[in-house]
Structure formats: structure tokens, C-alpha cells
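[1] Next input, structure requested:
(2 chains)
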Amino acid sequence: ETGVTQTPRHLVMGMTNKKSLKCEQHLGHNAMYWYKQSAKKPLELMFVYSLEERVENNSVPSRFSPECPNSSHLFLHLHTLQPEDSALYLCASRDTGRYNEQFFGPGTRLTVL
Amino acid sequence: AQTVTQSQPEMSVQEAETVTLSCTYDTSENNYYLFWYKQPPSRQMILVIRQEAYKQQNATENRFSVNFQKAAKSFSLKISDSQLGDTAMYFCAFTLYGGATNKLIFGTGTLLAVQP
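    I've put the predicted structure just below:
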């Protein structure tokens, strides 16, 4: 498989559940990102990892917990979410030595009941 | 702080015609990149075209071209010979040059509908 993949593609969870979103990049990139995309709002950057080290946490509530075990994988652990957390969660990766463009995964559509 | 503004929430164009999407940005920096991303209904965000700020020549990619006006901080996207597959949300984005933590700053998007 090529590019950036995300699983699951759809997730419905209750406010007391714990779940995880997974992102995998097959591009040999060295930086990975989590974004939140809500209707009629610009994409919101949540977390940045560079060489497996978190370099930015953009004031995200602690109910979102990222993990980057290696340069190819990125997780977003979710617990005690709120209905307003329902959104499309996009993962992206980038080769910081080239062009600055980011390559995106297809996203996980999250619904919190 | 950098900002990106897309003033056209929705646009429509007939198949085979040309459409231009507007984008303006604000920055005090001199070295940066600008991008147009496309997000079709299937949701995967893909890069359409990039422009390095130090290059005066406008970028082109097949039917897609930009009009980059650095002094005016304007970066519009022209789609020629529009096709049904061009129907998507289009995002203009900005990033400073270099560094893993340099953020992509996105506009709110323009929803383009190509009509048969």
C-alpha cells in the first residue's frame, strides 16, 4: 500500500468509550501531523511529530492523546470525548527536506454520541 | 501571525469552461510556500499545485495554473477545461520555509461544482 493510510475510516463512540485512530505512512517521511476538520471551519492542527518526537501540541484537550512509536506510525488515543469532538480527523506526513508540502490520509469520520 | 482567506465559499462552472478560485494571505515573512489542495467527496486531500515565493514564474500543472502576486499577497487558482472530476472542496494553504514545525495554514475552502 502506498501513501498515507488511516484506520478506521468511520468510528462511532459513546462519551465513555476509549478508542484509537491509526495512521501509517509509506513515504519515508520524517514528520507526521494530526488535524481536525469540522464543517465550515479551517483545518485545525492538533499535533506535530518530527522524528518521533512531539514538537507541537496545539492546545488540544487532554482527552486526545497522540503516540508516535516510529516514523511510519501515528496514533490518536481518544477517551471521554464530547459530542463537539465529532469531526473528520486527518493525518498527514511530510519530508521536511522537500518542498514543505504535506501528504494526507483519507481521514477518520468520528461521531461521538 | 499568518492568515489565509478564501472569500468564495461556493462556485459553479460548466464543464469545459474555465474557473478561477481566489485566495489572499497575510504574512510579514519573505520565504514561504503556497499550495492549493483538493478534497473530493471521497475526502482524501491531494496536492494540486505548489508555488515557492521566491519564484516569480507562476506554477502550472496541466490544466491547473496559479496567478501569484507577491506584493498583493494574492494566490488564485485557474482551472481550464473543467471536468466533472474537478468537483471538490479546494483549500489554499500557506507555510513558511523549512522546519518540521512549520504549520500549514489553511483557508476555509471553496466548494467547486462542475456542472455537465
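[2] Geometric centre of chain A: which residue is closest?
    Centroid-nearest residue in chain A: A:W34, 3.1 Å away (criterion: C-alpha atoms, centre = their mean).
[3] what's the one helix or strand that residue maps to in contact with?
    Take DSSP states H and E as the rule and A:W34 turns out to sit in strand A:31-37. With contacts defined as C-beta atoms under 8 Å, 6 or more residues apart in numbering or on different chains, strand A:31-37 is touched by A:23, A:25, A:43-51, A:66, A:68, A:71, A:74, A:76, A:87-96, A:102, A:107, B:100. C-beta coordinates here come from the backbone N, C-alpha and C atoms, glycine included.
[4] What of stretch B:55-68?
    B:20, B:34, B:36, B:48-51, B:53, B:74-81, B:83.
[5] near chain A, which of the residues you listed show up?
    B:R50 (C-beta under 8 Å from any C-beta of the partner chain).
[6] Quick one, which of the contacts of stretch B:55-68 are buried?
    B:34, B:36, B:48-51, B:53, B:75-77, B:79 (16 or more other C-beta atoms under 10 Å in any protein chain shown).
[7] For the residues you listed, work out which two are farthest apart.
    B:A53 and B:I79 (22.1 Å; C-beta to C-beta).
[8] Which of the contacts of strand A:31-37 fall within strands?
    A:23, A:25, A:44-50, A:66, A:68, A:74, A:76, A:87-94 (DSSP state E).
[9] Please pull out the lowest mean pLDDT helix or strand from chain B.
    When the helices and strands of chain B are scored by mean pLDDT, DSSP states H and E, strand B:105-106 comes last with a mean of 90.
[10] I'd like to know which elements that one is packed against.
    strand B:3-5, strand B:88-96 (3 or more C-beta pairs under 8 Å, 6 or more residues apart in numbering or on different chains; DSSP states H and E).
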